[in-house]
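Q: A predicted structure for the sequence below; I have some questions about it.
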Amino acid sequence: MSGKKSVWKWLELCVSVLLGNALLAFLVAAFVLPHDIIMGGTTGIGIVLSKVTGHDTALFVFLLNVGLLIFGLFVLGKTFFVSTAASSVLYPAFLALFQRIPGIDAMTDNHLLAAIFTGGLMGIALGLVMRVGSSTGGMDVINLAFHKWFHFPVAVLVWVSDLVVIGGQAIFARPESTLLGILVLMLEAIVLDQVMLLGRSQLQIFVVSDQYETIRERLLHELGLGVTMSVIETGLLEKPQKGVLCVVHPRQLYAVTSCIQAQDPQAFITITKIKEVHGKGFTLARTTLDNETKTNGKDEKT
């Protein structure tokens with residue numbers, strides 16, 4: 001079973017890195033370069049160098065990525081080098097390929113629409129790569145190196161490095177291009193956060209009710225949920241009681257609240273959104289009640 005999981009993990013890594021870099025290269029070729037939208041990272045530096053020298057942006061992005069990748073090998077170690085090497089080569093290769101597709105730079109003549117698509121797609125592309133623990137390389141190497149040396153938060157370093165690159169381009173760019181670049185950066189951050197949490201966020205439900213034992217039984221047996229009981233004390237009457245805690249998928253929310261309110265219409269229910277959940281029943285296989293009973297029975301006999 002562990003062998004199959006490792007194969008699926010490897011396939012997920014390969015597909016995510018491939019799709020993420022292809023999507024990133026596509027949006028740069030289709031929207032960023034034709035509409036003169038400034039952006040951060042090595043792509044932004046490559047755009048400036050391309051305008052100054054007349055050579056392909058993809059060539060400069062490749063050289064910058066490889067140089068920073070070698071720098072990362074010595075500063076951040078072999079593990080980072082291996083996980084980032086694919087993106088450092090794939091992205092400029094895809095960019096060079098997409099730039100040669102006829103008509104790719106004529107998908108829209110609306111600068112605002114191009115910026116919106118760029119920010120949204122960039123968040124998706126980076127999210128695909130980062131969800132599997134990889135990196136797109138480039139300026140990420142500098143950010144992680146500064147984090148290692150000075151312990152600055154990585155998120156802050158990403159924003160600062162992108163703003164520095166965008167600010168450098170703003171000297172040569174039109175004011176409208178600068179504003180579009182800032183819009184891209186904001187949309188990218190919003191979408192990236194959502195992609196990173198996609199499929200991982202859950203809802204935590206906490207119930208305070210005199211009928212906690214019946215509610216526990218119904219959630220366990222009728223809905224097949226995992227339940228945790230916590231010892232509490234009511235505030236007004238100082239009455240010892242138990243609270244019912246369970247974590248569910250958003251799609252199960254209606255069924256759970258209906259079940260609780262059908263048992264006790266006056267039950268006090270709080271619902272909290274959780275960004276990520278790990279452990280038995282979610283990232284690990286759930287243990288059923290029958291299996292748990294059998295295990296306990298064996299332990300008692302021995």
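A: Okay, I see it.
Q: make it CA atoms for all contacts and neighbour counts henceforth
A: Will do.
Q: what about residue 277, which SS state?
A: coil (DSSP: H, G, I helix; E, B strand; the rest coil).
Q: okay, now it: neighbour count?
A: Neighbour count of residue 277, defined by other Cα atoms under 10 Å: 15.
Q: Tell me where the model's unsure across the stretch 1-150 of the chain.
A: 1-3, 5, 79, 83, 133 (pLDDT under 70).
Q: Walk me through the domains of this structure.
A: Under the assignment automatic domain parsing, the domains of the chain span 2-197, 202-301.
Q: Give me the secondary structure label for residue 230.
A: At residue 230 the chain is in strand, as set by three-state DSSP.
Q: what's it in contact with, if anything?
A: Contact analysis of residue 230 by Cα atoms under 8 Å, 6 or more residues apart in numbering lists 242, 243, 244, 245.
Q: From residue 244, how far out is it?
A: Separation of residue 230 from residue 244 (Cα to Cα, to the nearest Å): 7 Å.
Q: Most widely separated two among the contacts of residue 230?
A: 242 and 245 (9.7 Å; Cα to Cα).
Q: Could you pull out the residues contacting both of those two?
A: Counting by Cα under 8 Å, 6+ apart, the contacts common to residue 242 and residue 245 are 229, 230.
Q: helix, strand or coil for the residue positioned nearest the centre of the chain?
A: With distances taken as Cα atoms, centre = their mean, the residue of the chain nearest its centroid is residue 196 (1.5 Å). When classified by three-state DSSP, residue 196 comes out as helix.
Q: could you point out the longest helix in this structure?
A: Counting by DSSP state H, the longest helix found in the chain is helix 2-27.
Q: ok now that one, how far from the chain's centre?
A: With Cα atoms, centre = their mean, to the nearest Å as the basis, helix 2-27 stands 14 Å off its chain's centre.
Q: Over to stretch 230-240?
A: Relative to its chain's centre, stretch 230-240 lies at 39 Å (Cα atoms, centre = their mean).
Q: The nearest residue to residue 275 once chain neighbours are set aside: what's it in contact with?
A: Nearest in space to residue 275, with sequence neighbours left out and distances taken as Cα to Cα, 6 or more residues apart in numbering, is residue 201 at 4.4 Å. Residue 201 makes contact with 249, 273, 274, 275, 276, 277, according to Cα under 8 Å, 6+ apart.
Q: Filter the residues you listed down to the buried ones.
A: Taking 16 or more other Cα atoms under 10 Å as the criterion, nothing in those is buried.
Q: Confidence-wise, which of those comes last?
A: Lowest pLDDT of the contacts of residue 201: residue 276, 74.
Q: Quick check: it touching residue 202?
A: Yes - with contact defined as Cα atoms under 8 Å, residue 276 reaches residue 202; the gap is 6.7 Å.
Q: returning to that earlier point: for the domains of the chain, which one ends up most surrounded?
A: Burial of the domains of the chain is given as mean neighbour count (mean count of other Cα atoms under 10 Å); domain 2-197 ranks first at a mean of 19.
Q: Spatially, what comes nearest to residue 108 if we skip its sequence neighbours?
A: Excluding the flanking residues, the one nearest residue 108 by Cα to Cα, 6+ apart is residue 114, at 7.0 Å.
Q: what's the helix or strand for the one you found?
A: For residue 114, the host element (DSSP states H and E) is helix 111-131.
Q: Could you list every helix and strand in contact with that helix?
A: Contacts defined by 3 or more Cα pairs under 8 Å, 6 or more residues apart in numbering; DSSP states H and E place helix 111-131 against helix 2-27, helix 175-197.
Q: Name the next helix or strand downstream of the first one, please.
A: Per DSSP H and E, the first helix or strand lying C-terminal to helix 2-27 is helix 41-53.
Q: Touching that following helix from outside, list them.
A: 33, 38, 55-61, 64-65, 138-139, 161-162, 165-166, 169.
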